[in-house]
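In: Need a 3D model of the sequence below.
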Amino acid sequence: ARSSDVHSHDVIGVYPSGEDGWNTGPKSSNDCAWDDYDCVEDPDEGAFVSSIISELRSLGAGGNVYLVGNSNGAALAHRLASNAGSDDLPIKGIVTKVTQLLASPPRSGPGVLNYNQPGSGGPPVSVLNLMGLDDGLIPYGGGSSS
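Out: From the prediction side, this is the model:
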């Protein structure tokens, strides 16, 4: 389990881990094709994170929701921010490192909270995205990973 100093500042820290990573496009450990959005065999990460937030709210937690992610976790943070809404994903801001918002595929997994691009009319979400010019895996200017 991960730990941090957030709890000493009256903040709740939750550190989920993806099953063999997060669904940021086609993944070899998935049972269904990447574009089979009706599939229920593979993880629905949007619903998973939404259920964590819902459970915390039911226990009396209030306040804003922020996400921090690195690499595939950062791609998940971007995707969740793209699907942010007042009830299911009340996300106010994300901090991401070594990733970019996916232009394609249009979705990364089943469920209604897994679109890779923001829809119109969603709430504003603050974004701090850190990338390096010399990163050989995730190109600074966009495009496919190496």
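In: mind checking the end-to-end distance for stretch 79-98?
Out: Terminal residues of stretch 79-98 are spaced 14 Å apart (C-alpha to C-alpha, to the nearest Å).
In: Can you list the buried residues in that stretch?
Out: Using 16 or more other C-beta atoms under 10 Å as the test for burial, stretch 79-98 gives 79-84, 88-89, 91, 93-98. C-betas here are computed from N, CA, C, even on glycine.
In: repeat for stretch 114-126
Out: Counting neighbours by 16+ other C-beta under 10 Å, stretch 114-126 gives 114-116, 118, 125 as buried.
In: Touching that stretch from outside, list them.
Out: Outside stretch 114-126, the residues within contact range by C-beta atoms under 8 Å, 6 or more residues apart in numbering are 23, 37, 44-46, 78-79, 81-86, 91-94, 101-108.
In: And the strands in the protein?
Out: In the chain, the strands defined using DSSP state E lie at 65-70, 91-97, 126-130.
In: wait, which of these is closest to I138?
Out: Smallest distance to I138 across those (C-beta to C-beta): 9.7 Å, for strand 91-97.
In: Over that closest one, what's the mean pLDDT, rounded is fine.
Out: What strand 91-97 shows for mean pLDDT is 94.
In: Adjacent strands (with direction) for that strand?
Out: Strand 91-97 pairs in its sheet with strand 65-70 (parallel), strand 126-130 (parallel), by DSSP bridges.
In: Please identify the buried residues of the last one?
Out: Of the residues in strand 126-130, none is buried by neighbour count under the rule 16+ other C-beta under 10 Å.
In: Rounded mean pLDDT for that strand, please.
Out: Here strand 126-130 scores 93 as its mean pLDDT.
In: cool, stretch 133-146 as well?
Out: The pLDDT scores in stretch 133-146 average 72.
In: List of residues touching that stretch?
Out: Against stretch 133-146 from outside (C-beta under 8 Å, 6+ apart): 71, 98-100, 103, 131-132.
In: likewise stretch 79-96?
Out: Stretch 79-96 is contacted from outside by 24, 45-46, 49-50, 53, 64-70, 74-75, 77-78, 101-102, 108, 112-119, 122-123, 125-130, using C-beta under 8 Å, 6+ apart.
In: so where's the protein shaky on pLDDT?
Out: Scanning the chain with the threshold set as pLDDT under 70 gives 1-3, 20-21, 23-27, 143-146.
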